[in-house]
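Asks: Coordinates for the following, if possible.
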Amino acid sequence: MLDSLLIKNFALIDSTEIILKPGLNIISGETGAGKSIIIEAIAVILGGRISPELIRSGSDEAVIQGLFDISKFAWVEKRLTDLGFNSESQELIIKRTISRSGKNRAYINGELAQVSHLQKLCDGLVDLCSQHEHQSLLKPAIQLELVDRFGGLTVQAAEMGALFYSYKSLHEKNLKLVADRAELAKKKDFLEFQVNELRAANLIPNEDETIMTEKQLLQSAETRAQAANAIIQLLQDEENGLLNSIQAILARAKALSQLDGSCDNIRGIFETLSAEAEESIALLNRYYHQIEANPDRLQSVQERLAQITDLKRKYGRTVQDMLEHLNGLEAELSSMVDHETMLSTNSTNLAESKENFLRSARTLTPLRQISAKKFSNAVTAELRQLQMTEATFEAKIINKLDIENWNEFGAEQIMFTIQTNLGEPSLPIGRIASGGELSRIMLAIRSVIADHGGIGVYLFDEIDAGIGGQTAFQVGKKLKSVAKYNQVICITHLPQVASFANHHIAVKKSEKNKRTITEIMALNQSQRRTEIARMLGGSHPTKKTLDTASELLELAQ
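Replies: Down below sits the predicted model:
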């Protein structure tokens, strides 16, 4: 329910807050007074398009805010949660600001939002009914939804729709599995080739570094042997060898030490040098005799390095990189479920899902046929009360014979048709030329579903155009019956309709400070009588029109 509508600097409205109440809210006023501004303002908070041209002259920004009571609409709270907005309160506050600079903003419960959020959130919250906004009733999906609501089939229809989407998802997955079969098999073969190639290489961690070192040693065997032998000769040469020189020095250092004890440390140094020189010769001799030229081993090492270098170009910069890559390939290969098994399992699930959907759709069909028949009779009865005494309305259920054409709406499609006069053909309601007839058809449909829930606010914008007299009185009566279960906001020029109001709001144009403004005010019982008299006979009510207004109000009660 829409509790209040705040409008600032919008069109001819300076600043006003419209308080709306449960039941039938009537909005009346002279042509051009600004009643359509209210409709535009409500459309804006529901996510409609806005233009800076609607900002009141002399202002930089317009503000529109709506306060809804959503305590009886759990689906709105769920949408709030799904869209990421606060849903703890049983109130919904929607605010939009319109700036001349083009920086327009939307807010949901105080949080900045996108216009698309408003549109998703408010879909179904307000049903705008006018001669220009009846297109929704022409959509087969909406017509089928109305028949389902009337017959109490909404839950079954939703379950059937969910089964269809489950089947559709599995069907799409099946198509992808079939399409991917060759590609996945090719990918699996390639993975196996890579794994086999790396496994066959028997790589060892850091092997590339170890083999490179060995290669350098094998290639330098002769050079190393020559170097070691040369050092040995320099140490052992009988005439100029380093060892003989150290030993000769050591003999003199011993003699010096015997003469002067303070030279013992000098003697010790050369004793150490002599011992280390002898040890060096021994180590060099062992090293020299271990050096072996091995051309076969060198060739083997070079071939292994070439193999590793070739693998590096494919799998990594180092042996460690390649081993890690191998682990990844093995993991990917092991996790790859056999595609044919997956396809077989999905095909089984697909067949089961399709059968579940078809069974649900077939079960729903006869229930819909019954609901459509009752719905047709109910709407026809409503139309005849609205002075369309020869009209016959029919919700035609058309079964789709080809199962492949069944969809989330089930096994049938629907068409609302009407025969307005005897002897005339029955036509789809979209081909009805008379605005008055179309208005009554829309009202009749909403009358029969009024107590079936689902809509927060019914907003009727001059749908009573083209009718009058007793028909107008019946329209008001029907609006009041719809308002028994729903909040109804109706803009009307007809006093017969206005007399049924639970809450009457008047819109008038006036001048203030040499500027034209639109004023909106709630009427008490006395003011209502005056307003209805104006609607009956002009801007200056007479005693006769006031008496007639009183009579209308009494009849409406």
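
Asks: how would you label Pro9: helix, strand or coil?
Replies: Just to correct that, residue 9 is Asn rather than Pro. strand (DSSP: H, G, I helix; E, B strand; the rest coil).

Asks: Check the gap between it and Ala113 for me.
Replies: 21 Å (C-beta to C-beta, to the nearest Å). Quick note: C-beta positions are derived from backbone N, CA and C, even for glycine.

Asks: Check Glu61 too.
Replies: 18 Å.

Asks: Which one of the two is surrounded by more residues?
Replies: Ala113 (21 against 17; other C-beta atoms under 10 Å).

Asks: now the more buried one, nearest residue through space, not along the chain?
Replies: Among residues not flanking Ala113 along the chain, Ala106 sits closest, at 4.8 Å (C-beta to C-beta, 6 or more residues apart in numbering).

Asks: Can you get me a residue count around that neighbour?
Replies: Count around Ala106 with other C-beta under 10 Å applied: 20.

Asks: same question, Ile70
Replies: 19.

Asks: for Ala378, same thing?
Replies: 18.

Asks: What separation do you get for the spatially most central residue of the chain and Ala113?
Replies: In the chain, the C-alpha nearest the mean C-alpha coordinate belongs to Leu83, at 8.3 Å (C-alpha atoms, centre = their mean). Distance check for Leu83 against Ala113: by C-beta to C-beta, it reads 8 Å.

Asks: next one: His540
Replies: Taking C-beta to C-beta, one finds His540 at 48 Å from Ala113.

Asks: who touches Ser28 in this structure?
Replies: Lys35, Ile491, Thr492, His493, Ala498, His504, Ile505, Ala506, Val507, Glu531, Met535 (C-beta atoms under 8 Å, 6 or more residues apart in numbering).

Asks: Quickly list what it is bridged to.
Replies: Ala506 (DSSP bridges).

Asks: Show me how far the lowest-mean-pLDDT helix or strand in the chain is from its chain's centre.
Replies: The weakest-scoring helix or strand in the chain, judged by mean pLDDT, DSSP states H and E, is strand 126-130 (a mean of 75). Relative to its parent chain, strand 126-130 has a centroid offset of 27 Å by C-alpha atoms, centre = their mean, to the nearest Å.

Asks: Report the next helix or strand after it in sequence order.
Replies: helix 140-150 (DSSP states H and E).

Asks: what pLDDT, on average, does that next one get?
Replies: Averaging pLDDT along helix 140-150 yields 90.

Asks: List the buried residues in it.
Replies: Gln143, Leu144, Glu145, Leu146, Val147, Asp148, Arg149, Phe150 (16 or more other C-beta atoms under 10 Å).

Asks: Could you look up the SS state of Tyr107?
Replies: Tyr107 - assigned by three-state DSSP - is strand.

Asks: doesn't Ile94 make contact with it?
Replies: Yes: the pair Tyr107 / Ile94 is scored as a contact, 7.2 Å apart, by C-beta atoms under 8 Å.

Asks: ok, those two, which is more surrounded?
Replies: Per other C-beta under 10 Å, whichever of Tyr107 and Ile94 has more neighbours is Ile94, with 24 against 16.

Asks: Contacts made by stretch 325-339 with the rest, please.
Replies: In contact with stretch 325-339 (C-beta under 8 Å, 6+ apart) are residues 177, 180-181, 184-185, 188, 191-192, 194-195, 198-199, 203, 315-316.

Asks: Any of those residues buried? List them.
Replies: Leu177, Leu184, Gln194, Val195, Leu198, Leu203, Tyr315, Gly316.

Asks: and of those residues, the nearest to Thr348?
Replies: Using C-beta to C-beta, Leu177 is the member of these that lies nearest Thr348, at 12.4 Å.

Asks: And the closest one, how close does it get to Leu536?
Replies: Taking C-beta to C-beta, one finds Leu177 at 73 Å from Leu536.

Asks: Put the alpha carbons of the strand or helix carrying Glu40 into PDB.
Replies: Element membership of Glu40 [criterion: DSSP H and E] is helix 35-45. Extracted in PDB, the C-alpha atoms of helix 35-45 (Å, rounded to 0.1, in the frame of the first residue of the first chain):
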ATOM      1  CA  LYS A  35      -3.900  15.400 -11.800                       C
ATOM      2  CA  SER A  36      -1.600  13.800 -14.300                       C
ATOM      3  CA  ILE A  37       1.400  15.100 -12.400                       C
ATOM      4  CA  ILE A  38       0.500  12.600  -9.600                       C
ATOM      5  CA  ILE A  39       0.500   9.700 -12.100                       C
ATOM      6  CA  GLU A  40       3.900  10.900 -13.500                       C
ATOM      7  CA  ALA A  41       5.300  11.200 -10.000                       C
ATOM      8  CA  ILE A  42       4.300   7.700  -9.100                       C
ATOM      9  CA  ALA A  43       5.700   6.400 -12.400                       C
ATOM     10  CA  VAL A  44       9.000   8.000 -11.600                       C
ATOM     11  CA  ILE A  45       9.400   6.300  -8.200                       C
END
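
Asks: what packs against it?
Replies: strand 2-10, strand 24-29, strand 61-69, strand 91-99, strand 126-130, strand 457-461, strand 487-491 (3 or more C-beta pairs under 8 Å, 6 or more residues apart in numbering; DSSP states H and E).

Asks: Name the strands paired with the third one and say parallel or antiparallel.
Replies: Looking back up the chat, that one is strand 61-69. strand 2-10 (antiparallel), strand 91-99 (antiparallel).
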